[in-house]
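**Student:** I would like to see how this sequence folds:
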Amino acid sequence: MGRAVLPPYRTPFSTHEFSQPQFLAILCMRRYKDLTFCAIEVSLMKRRELYRALGLRGVPNLTTLYRFLRRLEKPTPDRATGETVRRL
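**Tutor:** Numbering: from 1, shown residues only. Coordinates of the predicted model:
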C-alpha cells in the first residue's frame with residue numbers, strides 16, 4: 001500500500017535506513033491501535049515478528065516518526081487506504 005503512494009525515500013540523499021512506506025505502515029498501525037509515538041517504538045522493539053514483517057533493520061525513534069508525520073501530505077493516508085482496498 002505505501003509503495004503505491006510514496007516514493008521509497010524522500011530524497012536521494014536520505015540515509016536509506018528506513019523507507020517512507022515503512023514509516024507509513026508504522027503510522028497506520030499506531031493509529032489503528034491508538035498508541036502514542038513512544039508506545040509504538042516500544043511495541044516494535046518487543047514484537048520481533050512485526051519488526052520483520054515490516055522489513056525493518058532497526059526501530060525508528062519517536063522523533064523520526066513524528067517528523068515524518070508532520071511532512072506527510074494530508075491525502076496520502078487516504079490514498080494508501082484506497083490502494084489497499086483496491087488491491088483486496
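
**Student:** Is the residue nearest the centre of the chain within a helix or a strand, and which one?
**Tutor:** Centroid check for the chain by C-alpha atoms, centre = their mean gives F23 as the closest residue, at 2.0 Å. Counting by DSSP states H and E, the secondary-structure element that holds F23 is helix 20-33.

**Student:** Convert the C-alpha atoms of that helix to CSV, please.
**Tutor:** What follows is the C-alpha trace of helix 20-33 in CSV, where atoms were taken according to Å, rounded to 0.1, in the frame of the first residue of the first chain:
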residue,chain,number,x,y,z
GLN,A,20,8.8,6.1,3.6
PRO,A,21,6.4,3.2,3.1
GLN,A,22,7.8,1.6,6.3
PHE,A,23,7.1,4.9,8.2
LEU,A,24,3.5,5.0,6.7
ALA,A,25,2.9,1.4,7.8
ILE,A,26,4.1,2.2,11.3
LEU,A,27,1.9,5.3,11.5
CYS,A,28,-1.2,3.3,10.2
MET,A,29,-0.5,0.7,12.9
ARG,A,30,-0.1,3.4,15.5
ARG,A,31,-3.5,4.9,14.6
TYR,A,32,-5.2,1.6,14.4
LYS,A,33,-4.0,0.5,17.8
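
**Student:** Report all helices and strands that the very next helix or strand once past that helix contacts.
**Tutor:** Secondary structure here is assigned by DSSP H and E; on that basis, the next helix or strand after helix 20-33 toward the C-terminus is helix 37-46. Using 3 or more C-beta pairs under 8 Å, 6 or more residues apart in numbering; DSSP states H and E, the elements in contact with helix 37-46 are helix 20-33, helix 48-53, helix 62-71. Just so you know, the C-beta spots here come from the backbone N, C-alpha and C atoms, and that holds for glycine as well.
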